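Q: fold the stuff below for me.
(2 chains)
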Amino acid sequence: MTIFQRAFRPFKYIKHRYVGHHFRVLSAALKTVLLGHVFVEYGYWAGACQGPSMLPTIEVYGDWVLVSKAYRRGRGIKIGDLVQFDSVVEPGVKVVKTVLGMEGDYVLRNSPGTNDEMLQIPQGHCWVVGDNLDASRDSRMFGPMPMALIEGKVIAKVLPWNERRWIENGLKPVE
Amino acid sequence: MASRILSIFHRGTQSGRFIHDFKYWAFTFATWIPAVIFFNGHVGEVTWINGPSMYPFLNTSFNEGLSKDVCWTSKWSPTTDLKRGMIVSFRSPSNPETIAIKRIIAVEGDTVFTRAPYPLPTVQIPYNHVWVEGDNRDANKTLDSNTYGPISMNLIQGKVTHVLWPWKSIGPIRWQEFKGRTRVIRRRNDDITPRW
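A: The predicted model follows:
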């Protein structure tokens, strides 16, 4: 067998297997789509964000972020991480915010400077706030957010391409 | 020697044909796994009911043996068309890794008269939230909205639609016939859904 024949063997196999077999083509296409779905649900997801609530970290329009779904349901989430979660108040809407408190922590109920009321975050919840306090609907409005709603952690900004960067936790230990 | 060992992978031999067939069927099996994951996550799933929180409706014989009721959970568009009396499965707000099955007592806009662990005597359900409770009369046997408050509709994963086992309660769940003991003041206009 020549190298040429060897290189083309997979294509020959695909031709024999799929050409003329409509059911095989259909089920292979379906399985590929579902494999992609599972990758997006449990692996990584990238998509566009919009809205002013995360300025200056994420722009109002046109930024794409990469989300790692390994952090779904709050696994390994720490204070300072950017998380993507299903909105508490609107079904089917996904939101990106910064985690400012985990279960058991005491947080300020309102924006700093308005009110000194504090509360303790209950079990299984976290406190999420947008980086742009003036234009964000977040835990200050709907209270502690159940960690079961967390879809994943924002790990990178991918578009626009010349502004691409890894998004790291802004809270670093003092040296 | 090496070629003799490797010859078991050769297709001409009997063991080689077995390995080839095995690889083919293992690959074919693996390609269907994403389809099963999608089906269980978005179409429907068989669910085993743990614990006595829905007694006496589900797990009627929870104190007589180890058998569990088996239900069918419909996962298609779980957050739409939620009605009082429906049994839903959702991720527990207090423990994200567990799935709870409870009954919807009140929907957004309703006022509920709460039970012991809840700090306030009455609560109005916020937009796109529901109030869930277990059927068990013993408040210690169910961990529900009286502990963690109204839950966001986005937590709901599916609606429990059919009982598959035990034999005597097999069939669709007629949630419309549910008469609760929790006092609920229904919202004024049932047709208009308040918007956020």
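Q: so where do the helices sit in chain B?
A: B:2-6, B:14-31, B:33-42, B:145-148 (DSSP state H).
Q: one more: chain A?
A: With DSSP H as the criterion, chain A has helices spanning A:3-18, A:22-42, A:139-142.
Q: just these: most buried one?
A: helix A:139-142 (a mean of 18; mean count of other CB atoms under 10 Å in any protein chain shown). Just so you know, the C-beta spots here come from the backbone N, C-alpha and C atoms, and that holds for glycine as well.
Q: what's in contact with that helix?
A: A:V88, A:V89, A:L100, A:V107, A:R109, A:N110, A:S111, A:W127, A:V128, A:V129, A:M145, B:P126 (CB atoms under 8 Å, 6 or more residues apart in numbering or on different chains).
Q: mind redoing it with 7 Å?
A: A:V88, A:V89, A:N110, A:S111, A:W127, A:V128, A:V129, A:M145 (CB atoms under 7 Å, 6 or more residues apart in numbering or on different chains).
Q: B:R84 reaches B:G109, doesn't it?
A: No - counting by CB atoms under 7 Å, B:R84 sits too far from B:G109 to count as a contact (11.5 Å).
Q: buried subset of the contacts of helix A:139-142?
A: Buried subset of these (neighbour count, 16 or more other CB atoms under 10 Å in any protein chain shown): A:V88, A:V89, A:W127, A:V128, A:V129, A:M145.
Q: how about the helices of chain A in CSV, adding mean pLDDT and distance to B:W72?
A: Putting the helices of chain A into CSV (pLDDT from 0 to 100; distance: least, CB to CB, whole Å) gives the following:
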stretch, mean pLDDT, distance to B:W72
helix A:3-18, 86, 36
helix A:22-42, 92, 21
helix A:139-142, 88, 32
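Q: quick one: which of these is nearest B:H162?
A: B:H162 lies closest to helix A:22-42 among the helices of chain A, at 24.8 Å (CB to CB).
Q: contacts for that closest one?
A: A:R17, A:Y18, A:K69, B:T31, B:W32, B:P34, B:A35, B:I37, B:F38.
Q: now, the most widely separated pair of those residues?
A: Of all pairs in those, the most separated under CB to CB is A:R17 and A:K69 at 32.6 Å.
Q: so which residue of chain B comes closest to chain A?
A: B:R91 (3.5 Å; CB to the nearest CB).
Q: report the inter-axis angle for the strand ranked longest in chain B versus helix B:33-42.
A: When chain B is parsed with DSSP state E, its longest strand is strand B:156-165. With axes from the mean of the first three to the mean of the last three CA atoms, to 10 degrees defining the directions, strand B:156-165 sits at 100 degrees from helix B:33-42.
Q: in strand B:156-165, which residues are buried?
A: B:I156, B:Q157, B:G158, B:K159, B:V160, B:V163.
Q: do stretch B:49-67 as well
A: For stretch B:49-67, by 16+ other CB under 10 Å, it's B:I49, B:G51, B:P52, B:S53, B:M54, B:Y55, B:F57, B:L58, B:N59, B:F62.
Q: okay, now A:P91: neighbour count?
A: 18 (other CB atoms under 10 Å in any protein chain shown).
Q: where do the strands sit along the chain?
A: Defaulting to chain A. Under DSSP E, chain A gives strands at A:44-50, A:61-68, A:82-86, A:94-101, A:106-108, A:118-120, A:125-129, A:145-146, A:150-159, A:165-166.
Q: sorry, should have said chain B
A: Using DSSP E, strands in chain B cover B:44-48, B:70-74, B:87-91, B:99-106, B:111-113, B:122-124, B:129-133, B:151-152, B:156-165, B:171-172, B:184-185.
Q: closest one to A:K94 among those strands?
A: strand B:151-152 (13.3 Å).
Q: got phi/psi on the spatially closest residue to B:E177 that is not a sequence neighbour?
A: In space, and not counting its chain neighbours, B:E177 is closest to B:G85: 7.9 Å by CB to CB, 6 or more residues apart in numbering or on different chains. Backbone torsions of B:G85, given as degrees, to the nearest 10, read phi 100, psi -20.
Q: since that was my last question, I'll sign off now.
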